[in-house]
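Visitor: model this:
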Amino acid sequence: MTPTPDEPDAWYAYLAEGNARQARKRVAADVLLRNMSGDFLLVKPTYKPGWDLPGGMAEANEPPEQAAVRELKEELGLTVTLRGFLVVDWVAPHEAWDDQLAFIFDGGVLEHEVADGLRPHDEELSRLAFVAKAAALTMLPQRMAPRFVAATEALTRGVPHYLHNGSALP
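Guide: Numbers count the residues shown, from 1 in each chain. Below you'll find the predicted structure:
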């Protein structure tokens, strides 16, 4: 017999058991940052090949926007105020990874002094660069490129995008 809310201890134990069996999603939270020239910030992680947008993985029960802000503080020493979200992409399982939800938030435009002073702030990054959109598309991994394009379109149109494994739904 299923407990009811009239039996609080049994009810919460029942809910906790159900919660423990439900799927968990990995969540990535990246930030689109620009300099005053309109170039985009890319970072070069030390723990994987290629370039990436600044940001990283959310911790357990951490909201994506807080994860993005935390990651920028840890990796770049940069405190940002997010201006909303641009993209959420459901990324299918691939290689050794389960599926994930990948967010990109708008971090705005950095003043010259701030952009020029950015440096990797911990061992997770080896380099960073502000690059034009066309260059970013050649530097980002193939899986990230459609998400980056959608984020730049969302900046222009003012409407966020939902992607399904990098593609817009029909």
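Visitor: which residues touch the residue of the chain most remote from its centre?
Guide: Largest separation from the mean C-alpha position in the chain: Met1, at 42.6 Å (Cα atoms, centre = their mean). When contacts are counted by Cβ atoms under 8 Å, 6 or more residues apart in numbering, Met1 is found next to no other residue. Yep, even glycine has a C-beta here, placed from its N, CA and C like the rest.
Visitor: Dig out what Ala168 forms beta bridges with.
Guide: Bridge pairing for Ala168 (DSSP bridges) gives the partners Leu163.
Visitor: I'd like to know how many residues surround it.
Guide: Residues lying near Ala168 (other Cβ atoms under 10 Å) number 12.
Visitor: Please tell me how far it sits from Leu42.
Guide: Summarising the geometry, the distance separating Ala168 from Leu42, computed by Cβ to Cβ, to the nearest Å, is 23 Å.
Visitor: next one: Pro8
Guide: Pro8 sits 51 Å away from Leu42 when distances are taken as Cβ to Cβ.
Visitor: ok, the two, which is more surrounded?
Guide: The residue with more neighbours, out of Pro8 and Leu42, is Leu42; 22 against 10, by other Cβ under 10 Å.
Visitor: Now that one. Nearest residue, chain neighbours left out?
Guide: What sits nearest to Leu42 in space, not counting adjacent residues and going by Cβ to Cβ, 6 or more residues apart in numbering, is Trp51, at 4.5 Å.
Visitor: The one you found touches Ala145, doesn't it?
Guide: No. The pair formed by Trp51 and Ala145 falls short of the contact definition of Cβ atoms under 8 Å, at 10.9 Å.
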